[in-house]
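In: Give the three-dimensional model of this entry:
(2 chains)
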Amino acid sequence: MAALQLTPAAIAEPTAQHLALSGSWTALGIGTIERQLDALPANATIDASGIESLDTVGAWVLQSYLRRRADRGVAGELSDLPEQFAALFDAVAAQVAQQDRPATPAGAAPSTLGRLGRSTMDLAEQSLALLNFVGQCACAIGACLAHPARLRWRTILFNIRSAGFDALPIVGLLSFLLGIVVAYQGADQLRQYGANIFVADLVGLSMLREFAPLITAIIIAGRSGSAYAAQIGTMSVTEEIDAMRTLGIAPLNMLVVPKIFALLIALPLLTLFADVLGVFGGMLMAQAQLGVGFPEFLERFVKAVSVTAYLSGLFKAPVFAIIIAVIGCFQGFRTAGGADSVGRQTTRSVVQSIFLVILADALFSVAFSALNL
Amino acid sequence: MPSATAPAVIEISKLVTRFGDHVVHRDIELAVRRAEIFAVIGGSGSGKSTLLREMILLHRPDSGSIRVLGVDLKDIDDAQALALRQRWGVMFQHGGLFGSLTIKENIGLPLREYTALDDALIDQIAACKLALTGLKPEVGDQYPAELSGGMMKRASLARALALDPQLLFLDEPTAGLDPQSAGEVDELVLRLRDLFGLSIVMITHDLDLLWAVADRVAVLGDGRMQGVGSMDELAQIDNPAIRQFFAGARGRSAQENSASAKAQDAKQTGRSSSKPK
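Out: Reported below is the predicted structural model:
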């Protein structure tokens, strides 16, 4: 049984024209001896009888050294190589000879313009694929609405629980903190003008119209959108999606439509929950910093915040829900290859859905102001 | 065939494994000799894969001892475990290749991790291993997801061989391969053993592979070792757990193929069968 510790490979020069190799010429024992080889006298004879063990790495290093010597016109073989290594040594020699052929030159790196063009093509391709996917989803949803019995209610309910109910604590906590921040930041400005009571306008309008829908959508994009992409991506890597297709079950109906419906129901409800906790956070801060009591705050709140303002915030939630569910599933289906690709697509799903949510929010702001809402 | 007195590379004694109340192994005794091709067979759920995982330090047995290359796996420390892991190679059933690396990088990974060799040299050696397992050089620049099942197995084998291990574990080396690729795996396994003097432990269901390459075969069933011996010896044993492997139509045809191949071999070369040195 070979000992666990090994003697490192070594080259000795007993006389000027004679090299003696010894030790373990193996991957683990060879160290950096390869770099010394070329500095040795080129026409010396090489005695290999001291080699204790030899593996592919050692044989490769020696064979390619011999080959380099042969190219310079110095013929030479290893003498006295222990017999048990001969088969391996010869097998490697054939490999060295084969790889000696000039390698095919690698393709030149693309120019800046080329890279720009390529990424534009990628973007265009992806946008078209997304449009295609949206169309397919719309058809699938239309078919489901025409035959409501086909809807998978159990899956929808399960998704409502995992994306909605389970997200209540984090959504509630973050919007509560956001309410505190808004009231706190506004407190100083309002106090300067003695307009303390207007903190209700500030908190109410900003939370209900903008912050609550946005923070909820961003949390859900990070929480559920990524889960959708990872789930579908892993399923397509493990051929589960293909299996579904061959069983005659449309993956869209099984995986995508229930998620869209579930988020359509869960996200507005979560937004409402965020509204309540955000305003509550602002209310606490108003009392602590500005001395506006709860009754005064609520009295002003009812006057300041119209039903339109409340509804215009809530109206965005279903749109965000569709963006998050569609992008998450879309990126999941684009997964190809292995675990690496699952990670990449999941990241993309989160980045893109947050981007599109904020873009949609900006468009809503423009549209609402044009409509004088 | 290696002589019976050759030192054992793996010795297992009184091995017991449980998953909850389910006993997977009861008192397994096993010895794998140096430069031997040793196969473990058994029905689904007979604990073959668990046995393999215990031999390669992926699972701890509940009691009993396993010695691999002379090291007891029970009280092994991290340094010893690392040294041991560098002396064996494992080829997983589904390849286990890293999807984010090219095939060449996959093969070179152990060398990059444990040696101070130049990158260029590592690439050359990786290409050499690739050729050794019968893959084309172009495959080296591809990613695992782009390969077919057979190529994936070969690439995985090439990575298992990266550090020139003394011991090679193969988990279902021919599962999911077409008969021709499976036949090539047979030859590859034999060639590797002769070239490197490897000891090979494999888990397989493939009767052709068993007849063609296995020196000795252990049959697991019911948590016990039902029998150990060459295929010819096992074919004679009258034990229902062993008979079921030979009885079916597939078992018989594999046996006949093997017999006729050996007869032909003997005619052509004048030897009884191809035997390693």
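
In: out of everything not next to it in sequence, what's closest to the residue of chain A found nearest chain B?
Out: In chain A, the residue that lies nearest chain B is A:G338 (2.7 Å; C-beta to the nearest C-beta). (Glycine included, C-beta is placed from N, CA and C.) Spatial nearest neighbour of A:G338, chain neighbours left out: B:G99 (2.7 Å); criterion: C-beta to C-beta, 6 or more residues apart in numbering or on different chains.

In: repeat for B:V90
Out: B:F169 (4.6 Å).

In: And the helices in the stretch 1-150 of chain A?
Out: Assigned by DSSP state H, counting those that start in this stretch, the helices in the stretch 1-150 of chain A fall at A:34-37, A:56-71, A:86-99, A:112-146.

In: Count the neighbours of B:S253 for me.
Out: As a burial measure, B:S253 scores 12 neighbours (other C-beta atoms under 10 Å in any protein chain shown).

In: Report pLDDT for it.
Out: Note for B:S253: predicted pLDDT of 72.

In: per-residue pLDDT, residue 64?
Out: By default, I'm working from chain A. Note for A:S64: predicted pLDDT of 84.

In: Let me rephrase: I mean chain B.
Out: Listed pLDDT for B:G64 reads 90.

In: Now do the strands in the chain.
Out: All of this refers to chain A. Assigned by DSSP state E, the strands in chain A fall at A:10-15, A:18-25, A:45-54, A:78-79.

In: Correction: the question concerned chain B.
Out: Assigned by DSSP E, the strands in chain B fall at B:8-19, B:22-33, B:37-42, B:63-68, B:71-72, B:88-91, B:167-171, B:199-203, B:216-221, B:224-229.

In: Mind putting those into TSV with mean neighbour count?
Out: Shown next, in TSV, are the strands of chain B (neighbours: other C-beta atoms under 10 Å in any protein chain shown):
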stretch	mean neighbour count
strand B:8-19	18
strand B:22-33	18
strand B:37-42	23
strand B:63-68	18
strand B:71-72	14
strand B:88-91	23
strand B:167-171	23
strand B:199-203	25
strand B:216-221	22
strand B:224-229	17
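
In: closest to A:L290 out of these?
Out: strand B:8-19 (63.5 Å; C-beta to C-beta).

In: which residues make contact with that closest one from outside it?
Out: By C-beta atoms under 8 Å, 6 or more residues apart in numbering or on different chains, the residues outside strand B:8-19 that reach it are B:23-34, B:36, B:38, B:47, B:50-51, B:54-55, B:59, B:61-69, B:166-167, B:199, B:201.

In: One more: stretch A:294-307?
Out: So stretch A:294-307 is contacted by A:I197, A:F198, A:V199, A:A200, A:D201, A:G204, A:L205, A:L208, A:V279, A:M283, A:A286, A:Q287 (C-beta under 8 Å, 6+ apart).

In: quick one: buried residues of it?
Out: A:E296, A:F297, A:R300, A:F301, A:A304, A:V305 (16 or more other C-beta atoms under 10 Å in any protein chain shown).

In: what does stretch B:183-198 give?
Out: Across stretch B:183-198, burial judged by 16+ other C-beta under 10 Å covers B:184-186, B:188-190, B:192-198.

In: so can I have TSV of those showing pLDDT and distance to B:R154?
Out: Shown next, in TSV, are the buried residues of stretch B:183-198 (pLDDT from 0 to 100; distance: C-beta to C-beta, whole Å):
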residue	pLDDT	distance to B:R154
B:E184	84	9
B:V185	83	8
B:D186	84	13
B:L188	86	8
B:V189	87	11
B:L190	88	15
B:L192	85	11
B:R193	86	16
B:D194	85	18
B:L195	84	15
B:F196	83	16
B:G197	83	21
B:L198	87	16
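
In: where does the chain dip in pLDDT?
Out: Chain wasn't specified; assuming chain A. Within chain A, the stretches with pLDDT under 70 are A:1-5, A:100-108.

In: was after chain B, sorry
Out: B:1-6, B:247-252, B:261-277.

In: follow-up on the earlier one: make a markdown table out of the strands of chain A and add mean neighbour count and distance to B:V217.
Out: Formatted as a markdown table, those follow (neighbours: other C-beta atoms under 10 Å in any protein chain shown; distance: least, C-beta to C-beta, whole Å):
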| stretch | mean neighbour count | distance to B:V217 |
| --- | --- | --- |
| strand A:10-15 | 12 | 43 |
| strand A:18-25 | 20 | 34 |
| strand A:45-54 | 19 | 30 |
| strand A:78-79 | 16 | 40 |
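
In: So which residues on the stretch 1-150 of chain B come close to chain A?
Out: By C-beta under 8 Å from any C-beta of the partner chain, the residues of the stretch 1-150 of chain B that approach chain A are B:7, B:69-71, B:80, B:83, B:86, B:99-100, B:110-111, B:114-118, B:121, B:124-125, B:127-129, B:131-132, B:137, B:143-145.

In: And the buried ones among those residues, selectable in PyMOL?
Out: In PyMOL, this line selects whichever of the residues of the stretch 1-150 of chain B next to chain A come out buried by 16+ other C-beta under 10 Å:
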select buried, chain B and resi 69+71+83+86+99+100+110+111+115+117+121+124+125+127+128+129+131+132+137+143+144
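
In: nearest to B:L220, of the buried residues of stretch B:183-198?
Out: Distance to B:L220, by C-beta to C-beta, is smallest for B:V189 among the buried residues of stretch B:183-198, at 20.5 Å.

In: For that closest one, which residues are in contact?
Out: B:I37, B:L170, B:P173, B:I200, B:M202, B:L209, B:V213.

In: before we move on, what about A:N253?
Out: A:N253 makes contact with A:A140, A:A143, A:C144, A:R150, A:R152, according to C-beta under 8 Å, 6+ apart.

In: biggest separation within those residues, which pair?
Out: Farthest pair in the contacts of A:N253 (C-beta to C-beta) is A:A143 and A:R152. Separation: 12.9 Å.

In: where exactly do the helices run in chain B?
Out: Taking DSSP state H, the helices of chain B run over residues B:48-55, B:78-85, B:103-114, B:119-132, B:149-160, B:179-196, B:207-213, B:231-236, B:240-247, B:249-269.
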